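1. Sharing a model prediction with you, sequence too.
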Amino acid sequence: MTHQEPDIRRLFEPQSVAVIGASHNETKIGSKILANIINGGFPGRIYPVNPKGGEVLGLPVAKSMDDVEMDVDLIVTCVPAKYTLDAVKAAGARRAAFNLVITSGFSEVGNIDLERQVMDVARASNMRIIGPNIFGMYSAAADIDATFGPGGIRKGGVAIITQSGALGLAMIGKTGVENVGISAIVSVGNKADIDEADLVSYLVDDDITDVILMYIEGVKNGDRLVEVLKTATRKKPVVVIKSGRSKRGAVAAASHTGSLAGSDEIFDAVMRQCGVLRAESIKEAFNLCKFLPGTGIPKGDNTVVITNGGGIGVLATDACEKYNVKMYDDVTSLKEIFAPATPAFGSTKNPIDITGGATSADYTLAMDAALASDSIGSVISLYCETAVFDADNLGDMIAKNTKRYRAAGKPIAFSVFGGEETERIQNELSKDGMPVFGDVYETVCCLGGVYRYRRYLEQWTDEVHEEKIDFDAIDQVVAEARADRRSFLLADEGRRVMEAAGIPLPATKTAKSMEEAVKLADEIGYPVVMKVVSRDILHKSDSGGVALDLENTEEVIDAYEAIMRNCRTNVPGARIQGIQVMEMAPPGVELIVGARRDAGFGPIIMFGMGGIYVEVLKDISFRAVPLNRAEALEMMKEIRAFPLLLGVRGEERKDIESVLDAVIRIGTVIRHVEDISDIEVNPLVAYEQGRGAKAVDVRILLTDIAGGDTNA
Ligand code: COA
């Protein structure tokens, strides 16, 4: 790069903009964008550019970029793909800072070469590209609407970054209907240059942005995104919607981690790790974006539901379970707090049923009681339309209570359910930024989002944990395998990597003959396990190359002969380097720890229940590496079988610390040894507290080098 990259503020707060391809024809995209810039009230300098010259929408047209000021902040390119390279060159020659390339017809349709050429030209002149294949951007900070959307964007605190074009455009219209105010919208398209991480870095410190909403289809440079998001979510909430829950992205690799790691599961886990709230739908995302900023973070867990209807109260209770919102359940305390606000035939057991006869004053009385109690962290207030309720006061009651709760920093969310008039009031309140929803699940989902965010903030630490590892020894193993033109490690090489990483293994020695096998088994002590060592046999069990639980000399001799015979029959021509004789690890909880390089997120780690049923049970969880011990523990707790490690039915607690240690060590290896693509320890057997965990079987793959022997 010749000089420094332009400051990203010039993208969001430009003082000058040139539209290359500003058309004289008002139905064309170039004209629509220019019209939006003008009508949106952009106060800076505007240059329509078109070789035909003349005037467009009342502005004089520059015939070429030569007639535009030097160092223009923002370019909008809307000429056909075949002219784009020249247009980008011309903008670069005028030292433009940012270029929104609207044009389609690049990598998204396989035209990778043209996209690369555009990028080369842009880089050479130090200009940053947004897109190509985008609908443009809006920034409230500069009153600029450089999109070909419907215009009339409602200003507010939500910044939207979207990879999807058409959906993003439609979202602009929808934000109006859903009463969502916008601080910025950026369409990122093919992400040839600027990506989500660049944009989030700006938006996180942007005072008018309260919450960031991202619509993502696929992740590139995910390790950088993780870093940026972890910092961003400390300062303001980030909500994400991702399309594509399919498993197509999962690499059909020779390891479980590869085939189990569906791209969506990884995305989900990594977003959780970053404190990003993933929404299931656009509606949910909008609700979270509206709810989170004004609401604040609850001081405590306990939620109470105040309702005038029993049924809707039960629905809310179900929803609380689904969204992990804890209902306050101290019956004595609840009675003390709510008895004065509840009729005798109501209920002070959470949900607090103030009964169908409740008026707005009764609601306020109950909400007052909840507000005054330090034991209550948040409130869900439900209203079913009744004839006895003073409906004229509904809006006022909700607005006033919201104000008081917000002032006290205690979250409150309302659900109102009824006919036309109720819906009208709901819509009015929503326009004014009040936390009111129609559906109970929507209401509780929002509160669940706030609690998810709170839990993340409480646990947050910028620490990254790594362990001391003998990288030289690992490099030596890798070099030997490379010299042998292999892309996988042999069993004993895998063991050497584990030793270098400081992960305990069962005692093992390799025998070259039957006599030696017998001698080694005596030394190790019975029972023992025997396994073939062969560069040609990766799946040892399937090939009959493993014998377990050998109790004495005779069984060792029989097993030796059987393994040799099976392997020669099942993998003809396999070169057999020897037979491992291994201490038979005593039974414990069988776990799997895997690590691999994900195409989107870089190094990731997987944890789960191990053994032979791992593919069937799929009881696994993921995190991006690097990670700290708290994150590793969270990952472990996510699997359904975690209670087995805590000890069930009178069993002792397992050595969770040792398992954590192995996770951190394996993470350290995958992060730093770039030659290693996959590590899989299955099983890692966890023993009782204080007795550690042992890596019983290890499989390691190397990053593929063309022509290498993968044996896959
Ligand atoms: N510099 C400046 N203007 C130029 C030019 C140049 N080098 N070459 C051509 N133009 C002018 C044309 O004369 C025309 O103006 P006119 O109508 O006054 O004659 C204008 O640029 C547009 O060119 P045109 O050939 O009419 O293209 P178009 O408007 O039909 O299409 C795109 C241009 C960019 C909109 C189109 O190629 C495209 O990519 N569309 C898809 C956009 C999209 O969907 N993006 C993703 C959204 S999510």
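-> Good, I have the coordinates.

2. R665 and D470 touch, don't they?
-> No - judged on Cβ atoms under 8 Å, R665 makes no contact with D470 at a distance of 11.1 Å. Heads up, the C-betas are built off the backbone N, CA and C, glycines and all.

3. Overlap in contacts, those two.
-> A501 (Cβ atoms under 8 Å, 6 or more residues apart in numbering).

4. When the two are compared, which one has more neighbours?
-> Shown here are R665 and D470; by other Cβ atoms under 10 Å, R665 has more neighbours (21 against 14).

5. show me the contacts for the more buried one.
-> Counted by Cβ under 8 Å, 6+ apart, R665 has contacts E467, I469, A501, G502, I503.

6. where's it, which helix or strand?
-> Using DSSP states H and E, the element containing R665 is helix 656-672.

7. And what about A595, helix, strand or coil?
-> strand (DSSP: H, G, I helix; E, B strand; the rest coil).

8. That one against F622, yeah?
-> No - judged on Cβ under 8 Å, A595 makes no contact with F622 at a distance of 10.0 Å.

9. and for these two, which residues touch both?
-> Counting by Cβ under 8 Å, 6+ apart, the residues touching both A595 and F622 are I604, I605, M606.

10. Looking at those residues, spot the one nearest K52.
-> Nearest to K52 out of the shared contacts of A595 and F622 is I604 (Cβ to Cβ; 52.8 Å).

11. next one: phi and psi at the closest residue to that closest one other than its chain neighbours?
-> Nearest residue to I604, sequence neighbours excluded (Cβ to Cβ, 6 or more residues apart in numbering): D598, at 4.8 Å. Dihedral pair for D598: phi -90, psi 140, per degrees, to the nearest 10.

12. Who does D598 form a beta bridge with?
-> On the basis of DSSP bridges, D598 is bridged to G602.

13. Could you list which residues are in contact with it?
-> Applying Cβ under 8 Å, 6+ apart, the residues contacting D598 are G222, A261, S263, I266, I604.

14. Let's see which of those residues end up in helices.
-> Under the assignment DSSP state H, these contribute G222, S263, I266 to helices.

15. The second one: how many residues sit nearby?
-> Counted by other Cβ under 10 Å, the residues lying close to S263 total 22.

16. hang on, isn't it packed against F601?
-> No - the pair S263 / F601 is not scored as a contact, 9.2 Å apart, by Cβ under 8 Å.

17. how about the residues of the stretch 151-300 of the chain that lie near the ligand?
-> Contact residues, the stretch 151-300 of the chain versus the ligand (Cβ under 6 Å from any ligand atom): G165, S187.

18. try it again with 5 Å
-> By Cβ under 5 Å from any ligand atom, the residues of the stretch 151-300 of the chain that approach the ligand are G165.

19. quick one, what contacts whichever residue of the stretch 151-300 of the chain sits closest to the ligand?
-> Per Cβ to the nearest ligand atom, G165 is where the stretch 151-300 of the chain lies closest to the ligand, at 1.9 Å. Neighbour list for G165: N133, I134, F135, S187, G189 [criterion: Cβ under 8 Å, 6+ apart].

20. the helices in the stretch 351-500 of the chain, which residues?
-> Per DSSP state H, counting those that start in this stretch, the stretch 351-500 of the chain carries helices over the ranges 360-372, 394-408, 420-431, 440-459, 471-483, 491-501.

21. coming back round to it: what's the following helix or strand after the helix holding R665?
-> Following helix 656-672 in sequence, per DSSP H and E, is strand 676-686.

22. Mind giving me the packing neighbours of that next one?
-> helix 256-260, helix 491-501, strand 589-598, helix 656-672, strand 693-695, strand 698-702 (3 or more Cβ pairs under 8 Å, 6 or more residues apart in numbering; DSSP states H and E).

23. Make JSON lines out of the ones you listed and add distance to R123 and mean pLDDT.
-> As requested, those are arranged in JSON lines below (distance: least, Cβ to Cβ, whole Å; pLDDT from 0 to 100):
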{"stretch": "helix 256-260", "distance to R123": "34", "mean pLDDT": "45"}
{"stretch": "helix 491-501", "distance to R123": "39", "mean pLDDT": "93"}
{"stretch": "strand 589-598", "distance to R123": "26", "mean pLDDT": "94"}
{"stretch": "helix 656-672", "distance to R123": "29", "mean pLDDT": "97"}
{"stretch": "strand 693-695", "distance to R123": "45", "mean pLDDT": "96"}
{"stretch": "strand 698-702", "distance to R123": "32", "mean pLDDT": "95"}
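
24. can I get the ones you listed in CSV with distance to C445?
-> Listed next are the helices and strands packed on strand 676-686 as CSV, based on distance: least, Cβ to Cβ, whole Å:
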stretch, distance to C445
helix 256-260, 29
helix 491-501, 42
strand 589-598, 29
helix 656-672, 32
strand 693-695, 38
strand 698-702, 41
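
25. With respect to N25, which of those lies nearest?
-> Between N25 and the helices and strands packed on strand 676-686, the shortest gap by Cβ to Cβ is with strand 589-598, which sits at 45.8 Å.

26. got the residues of the chain near the ligand?
-> 20-21, 23-25, 28-30, 49-50, 78-80, 83, 87, 103-104, 133, 135, 165.

27. Repeat the analysis, applying 6 Å as the threshold.
-> Going by Cβ under 6 Å from any ligand atom, the residues of the chain near the ligand are 20-21, 23-25, 28-30, 49-52, 78-80, 83, 86-87, 102-105, 133-135, 165, 187.

28. from those residues, which ones fall inside strands?
-> Members of the residues of the chain next to the ligand lying in strands (criterion: DSSP state E): I20, V49, S187.

29. Most neighbours out of those, which is it?
-> I20 (30 neighbours).

30. correct me, but that residue touches M65?
-> Yes - I20 is within contact range of M65, at 7.2 Å (criterion: Cβ under 8 Å).

31. Common neighbours of those two, please.
-> Both I20 and M65 are in contact with V49, A87, A90, A91, where contact means Cβ under 8 Å, 6+ apart.

32. Kind regards, and thank you for your time.
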